[in-house]
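In: This is a predicted model, with the sequence first.
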Amino acid sequence: MLAFAVLAITVYVSEGQLPSYDELKSSPNGQMIRVHAADGTVIVSLGPSYGEWLSYDKIPMVMREAMVSVEDRRYRSHFGVDPIGMARSVRLAIDNRGKGRRLQGASTITQQVARTIFLSNKYTFGRKGREAILALALERKFTKDQILELYLNKVYFGGGAYGIDAASRRFFGHGADHLSLSEAAIIAGLVKAPSVYSPTADAEAAVGRAGVVIRLMQETGAITAEQAAEANPKDVKLAPEPKQNSVRYFTDWALPQLEVLIDETQRPLEVWTTLDLNMQRAADTAIRSNAPPGAQGALVAIDRDGAVRAMVGGTDYVSSIYNRATQAQRQPGSAFKLFVYLAALEAGHKPEDSIVDEPITIDGWSPRNDSRHNSGAVSLRTAFAYSLNTIAAKLGQEVGFATVADMARRFGITTKVNTHPSMVLGTSDVRLIDMTRAFASVGNKGVAVTPYGITKVTTSGETIYAQSVDTSHVLVAPYVAAQMTDLLQTTVNTGTGRAAQIGRPVAGKTGTTTSNKDGWFLGFSSGLTTGVWMGRDDAKTIAGLHGGTAPARAFADFMKVAVANRPVEQFDTKVTLPEYQLEPDQESYFGEADNGLFVDQNGNPAEPGQTVPAPVEGQQVDPDGNPIVRQPRPAPDRGTDEQQPTDRPADGEKLDQAWLDHVLGRDPSRGAPARPPRDRQAPPPSDRQDSRPTQ
């Protein structure tokens, strides 16, 4: 009698200390976040996940009956602790004495609620005693329906899902407010051992356990024999497992933005993104198949409104979660000349303006062209086509290096930009996503493009955030962007960038840094801008890596898929360009061995250590004192696809606008070609863009 009195007092005191029902419902649950691709496909689910809280009347009866049948068939009749269940548990303990097995079958649904909310899962007799007292107190303070509601919304079902709604979304792809008998049986069967019976871990075990639940439901009278016979858990369609590889680079970048977009931290979120799964697969393939051995690669594709359609931050997310598309800072090489020429065009220069290619020294810095030659007066278009370093230095000095830095920041470069003269050759570290954004803004006719990945966020059917695109921020006048696009076409229609051709208009630029440590290609076509970077994380040299080799090929492989269903768009500026000019893309500094690039007496690549013979008596020499060797013009080979017009003037000819007009057969007064050039054959390209590295 005394023991009963002590128990009653203990239960009474515990009841008074219990929180209110609303407090129990709002206790910290964590937040479930499901991320959707642009087509609605769920690409990742994050948790610990609690789904939407379902009130008792919104929980399907079949779900309530399934849980009671399998977990606590006398739930409606006991007072929180089931004496019959406890007796059976004690008998099992006696039968299994000495076998190391713990008590089983004694916990009611009410006890499980007490354990879930107030206690740990550590199994001790002391915890079991506190669990029983709390269960008695819960039964005194709350109704059976309230306790069952708490249970179904808080119990763990595996796969990171707490509560039936999270479990239903996790395993079936829909909320728990509508469940079939088979689906309810699968969920109810998980409580006993979530890791064992999880449908994603062992579908056969989950189906077998669901069969047990259905049989128990029939035994308890919850369903008829006919309903049990009609149920077939094998036919339940499970939600596909989200991909966990390259899409995680995108979600890792996009999801932290939720902190500034919304204030909701409790209710489950449905996040709708810009990611195009078809483009993402193409991007993943392009990087994996083109990155040189031992190198990493990254790709970002941005639509004209700023929507990020694909993002790859490395060759394999599983082995490295470091996002080289958004986090890595590397030198861009000649790709940075975008800002030099933008500043020059805004200052009043035109693509046809003449400027002298000659030796120049600025504050003790003497840049050189990779060809080691100076060509005299050339147009800006020609200088950009050949990526002449001396011209970039001249333009930077003319407009001001601070002006070039300001232009880079104006177009979205967020890293520090130095103002040393050599900055025109891309010596400041940048991020791939920032460079891609800058090129996208040029392609958007000078209107700022801001990358974004989240289009809307919903919770409980309510939209709490929707993306709005700002098109009011003009970076440069439309004519400046059109002229820059004119220049950018030269890299793809000529020079090292021609590996990026995709059968439709493309404007872009290559970039290669000293000793082939970094290779870049950035360009746009049909409203989509894509940036590609390749290199090693330790910044070691990669033999054969140039912007016009692996990065340009990866760009082309990706873009052919990405824009396949988009209409072909012509650029505003349709200028007939030299068809196959060389664009040496490595930067040279005074006193250095041309970044490892040696040339012979004909300007062709030579191995280090190979000497250039001295001129013989009476032999003509070039402005640098090297002998000029006249070579017979090779006859065109009609059986190859590599026929190209020449991109260098013949001996004695001057590389200027008149030469370009002659090669193109263009009437200077009209700016249009009078005939297609057919009389010249190109020498081998200096960066060997046709020689693919071994994959």
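Out: All right, it came through fine.
In: from here on, contacts and neighbour counts on C-alpha atoms
Out: Fine.
In: quick one: the helices in the stretch 151-300 of the chain?
Out: 164-172, 181-188, 194-197, 203-219, 225-230, 247-254, 258-261, 277-290 (DSSP state H, counting those that start in this stretch).
In: Point out the most buried one among the ones you listed.
Out: Mean neighbour count (mean count of other Cα atoms under 10 Å) peaks for helix 181-188 among those, with a mean of 27.
In: Please export the alpha-carbon coordinates of it; CSV is fine.
Out: Only the C-alpha atoms of helix 181-188 are listed here, as CSV (Å, rounded to 0.1, in the frame of the first residue of the first chain):
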residue,chain,number,x,y,z
LEU,A,181,-2.5,0.6,-46.7
SER,A,182,0.8,-0.8,-48.0
GLU,A,183,2.6,2.5,-47.5
ALA,A,184,1.3,2.9,-44.0
ALA,A,185,2.4,-0.7,-43.3
ILE,A,186,5.9,0.0,-44.5
ILE,A,187,6.2,3.1,-42.3
ALA,A,188,4.7,1.4,-39.2
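In: I'd guessed Ile186 sits against Glu204; true?
Out: No. Counting by Cα atoms under 8 Å, Ile186 does not reach Glu204; the two are 11.0 Å apart.
In: what's the model's confidence in stretch 493-513, averaged?
Out: For stretch 493-513, the mean pLDDT works out to 89.
In: Straight-line length of that stretch, end to end?
Out: 22 Å (Cα to Cα, to the nearest Å).
In: That one: how far from the chain's middle?
Out: 23 Å (Cα atoms, centre = their mean, to the nearest Å).
In: before we move on, back to that, I'd like the helices of the stretch 151-300 of the chain as TSV, with mean pLDDT appended.
Out: TSV is the format used below for the helices of the stretch 151-300 of the chain (pLDDT from 0 to 100):
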stretch	mean pLDDT
helix 164-172	89
helix 181-188	94
helix 194-197	82
helix 203-219	92
helix 225-230	93
helix 247-254	93
helix 258-261	89
helix 277-290	96
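In: export these to a markdown table and tack on distance to Ile133?
Out: Formatted as a markdown table, the helices of the stretch 151-300 of the chain follow (distance: least, Cα to Cα, whole Å):
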| stretch | distance to Ile133 |
| --- | --- |
| helix 164-172 | 26 |
| helix 181-188 | 26 |
| helix 194-197 | 26 |
| helix 203-219 | 28 |
| helix 225-230 | 37 |
| helix 247-254 | 45 |
| helix 258-261 | 41 |
| helix 277-290 | 53 |
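In: mind checking which of the ones you listed is nearest Gly497?
Out: Gly497 sits nearest to helix 277-290 of all those, at 15.3 Å, using Cα to Cα.
In: Which strands or helices does the closest one pack on?
Out: strand 296-303, strand 308-312, helix 550-562 (3 or more Cα pairs under 8 Å, 6 or more residues apart in numbering; DSSP states H and E).
In: of the helices of the stretch 151-300 of the chain, which approaches Gln327 most closely?
Out: Once these are compared by Cα to Cα, helix 247-254 is nearest, at 9.5 Å.
In: Low-confidence bits of the stretch 251-400 of the chain, can you list those?
Out: For the stretch 251-400 of the chain, applying pLDDT under 70 flags no range at all.
In: All the strands of it, residue numbers only.
Out: 269-273, 296-303, 308-312, 354-357, 376-379 (DSSP state E, counting those that start in this stretch).
In: who does the last one pair up with?
Out: In this case it means strand 376-379. strand 354-357 (antiparallel) (DSSP bridges).
In: can you list the weak-confidence ranges in the stretch 451-600 of the chain?
Out: Ranges of the stretch 451-600 of the chain meeting pLDDT under 70: 495-496, 574-600.
In: quick one: pLDDT of Gln631?
Out: Here, the pLDDT recorded for Gln631 equals 41.
In: Could you do Ser45 as well?
Out: Reading off the model, Ser45 has pLDDT 77.
In: cool, Lys128 as well?
Out: Per-residue pLDDT puts Lys128 at 68.
In: returning to that earlier point: what about the helices of the stretch 151-300 of the chain, which gets the closest to Gly364?
Out: Among those, if distance is taken as Cα to Cα, the winner is helix 277-290, at 39.5 Å.
In: Just the element for Leu134, please.
Out: Following DSSP states H and E, one finds Leu134 within helix 125-141.
In: do the same with Met63
Out: Using DSSP H and E, Met63 sits within helix 61-71.
In: export that helix as CSV, just CAs?
Out: Extracted in CSV, the C-alpha atoms of helix 61-71 (Å, rounded to 0.1, in the frame of the first residue of the first chain):
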residue,chain,number,x,y,z
MET,A,61,-6.8,6.3,-40.1
VAL,A,62,-5.0,3.5,-41.8
MET,A,63,-1.7,5.0,-40.5
ARG,A,64,-3.1,5.3,-37.0
GLU,A,65,-4.4,1.7,-37.0
ALA,A,66,-1.2,0.3,-38.5
MET,A,67,0.9,1.9,-35.7
VAL,A,68,-1.3,0.8,-32.9
SER,A,69,-1.6,-2.8,-34.3
VAL,A,70,2.1,-3.3,-34.5
GLU,A,71,3.4,-1.3,-31.6
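In: how distant is that helix from the center of its chain?
Out: With Cα atoms, centre = their mean, you get 43 Å for helix 61-71.
In: For that helix, report the contacting residues that lie outside it.
Out: In this structure, residues lying in contact with helix 61-71 by Cα atoms under 8 Å, 6 or more residues apart in numbering are 74-75, 108-109, 148, 179-181, 184-185, 188-189, 213-214, 216-217, 220, 222.
In: what do you get for stretch 273-290?
Out: 35-39, 246-247, 250, 297-299, 307-312, 314-315, 452-456, 550-551, 553-555, 557-558, 561-562, 695.
In: among those residues, which ones are buried?
Out: With neighbours counted by 16 or more other Cα atoms under 10 Å, the contacts of stretch 273-290 contain buried members at 35-38, 246-247, 250, 297-299, 307-312, 314-315, 452-456, 550-551, 553-555, 557-558, 562.
In: now the angle between helix 181-188 and the helix holding Met63, please.
Out: 40 degrees (axes from the mean of the first three to the mean of the last three Cα atoms, to 10 degrees).
In: got the angle between helix 61-71 and helix 164-172?
Out: Using the same axes, to 10 degrees: helix 61-71 against helix 164-172 is 90 degrees.
In: how about stretch 539-551 as PDB, C-alpha atoms only?
Out: Taking C-alpha atoms only, stretch 539-551 is exported to PDB below (Å, rounded to 0.1, in the frame of the first residue of the first chain):
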ATOM      1  CA  ALA A 539      49.400  24.800 -58.800                       C
ATOM      2  CA  LYS A 540      52.100  22.600 -60.300                       C
ATOM      3  CA  THR A 541      52.800  22.600 -64.000                       C
ATOM      4  CA  ILE A 542      50.600  20.500 -66.300                       C
ATOM      5  CA  ALA A 543      52.300  19.600 -69.600                       C
ATOM      6  CA  GLY A 544      50.300  20.700 -72.600                       C
ATOM      7  CA  LEU A 545      47.600  22.600 -70.600                       C
ATOM      8  CA  HIS A 546      46.400  25.700 -72.500                       C
ATOM      9  CA  GLY A 547      43.200  27.600 -72.400                       C
ATOM     10  CA  GLY A 548      42.600  26.500 -76.000                       C
ATOM     11  CA  THR A 549      43.100  22.700 -75.400                       C
ATOM     12  CA  ALA A 550      41.300  20.800 -72.600                       C
ATOM     13  CA  PRO A 551      39.200  23.700 -71.300                       C
END
